[in-house]
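Trainee: Below are the sequence and a predicted model; questions follow.
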Amino acid sequence: MMRVHTCLHLLSAVIEYPVTGGQVNDGKGRLDFAIPESNLDKHEITAKLNELIAGNHVVDQDWITDAELATQPDLVKTMSVKPPSGAGRVRLIRIAGQDLQPCGGTHVANTSEIGPVTVTKIESKGRQNRRVAIELNDI
Ligand SMILES: [Zn+2]
C-alpha cells in the first residue's frame with residue numbers, strides 16, 4: 001500500500017493537472033484528474049513514472065503552519081480532499097526535486113522501493129475527468 005500510495009504522488013507530478021480523486025488497493029491504485037482535453041499516453045506516462053522511481057529520490061516530510069499553507073494554495077493538488085489541518089500545522093510530503101504536497105498517508109523512504117510499475121488503463125469518466133490506473137509490476 002505504501003508503494004502504491006507513494007507512486008500516486010509521482011503520478012501527480014507527471015500529470016500536472018488537478019487531482020479530483022483517487023484510490024489505493026493492494027498492488028494497484030488510481031488517480032482522477034481534471035483534464036479538459038485528453039491526450040494522455042499510457043506508455044509515455046509509464047516511462048516517466050519508472051524514470052522517477054528509478055531516480056532514487058528521497059521521500060521525507062516537513063511541517064508548515066496552517067497559515068503558511070493558506071498562502072501557498074498551489075501546494076494542494078487534490079481538490080476534493082482538504083489537507084489535514086486544524087492542529088495548527090500540516091505535514092508536507094516531499095519527494096526530493098519532484099513533488100511536494102500535504103499528505104497524512106504512509107510512504108516509502110525512497111522512490112526506488114516502489115519498483116517498476118505500469119499504467120494499465122486511462123479512462124474518461126465524465127467530460128473533464130480522466131482516470132489513470134497504475135499497477136506494481138511485481139504483484
Ligand atoms: Zn501521501
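Mentor: Looks like it arrived, so ask away. Numbers count the residues shown, from 1 in each chain.
Trainee: Now name the helix or strand holding the most centrally placed residue in the chain.
Mentor: The chain has H9 as the residue nearest its centroid, 2.2 Å off, counting by C-alpha atoms, centre = their mean. Assessed by DSSP states H and E, H9 sits inside helix 2-14.
Trainee: which residues are in contact with the very next helix or strand once past that helix?
Mentor: Remark: after helix 2-14, the chain's next helix or strand is strand 19-25, criterion DSSP H and E. The list of residues contacting strand 19-25 from outside it, by C-beta atoms under 8 Å, 6 or more residues apart in numbering, reads 1, 4-5, 8, 12, 29-34, 77-80, 129. To be clear about C-beta, it is placed using only N, CA and C from the backbone, and glycine gets the same treatment.
Trainee: try 10 Å
Mentor: 1-5, 7-8, 11-12, 29-35, 76-81, 101, 105, 125-126, 128-133, 135, 139 (C-beta atoms under 10 Å, 6 or more residues apart in numbering).
Trainee: quick one: which of those residues sit in strands?
Mentor: Those of the contacts of strand 19-25 mapping onto strands are 29-34, 101, 129-133, 135, per DSSP state E.
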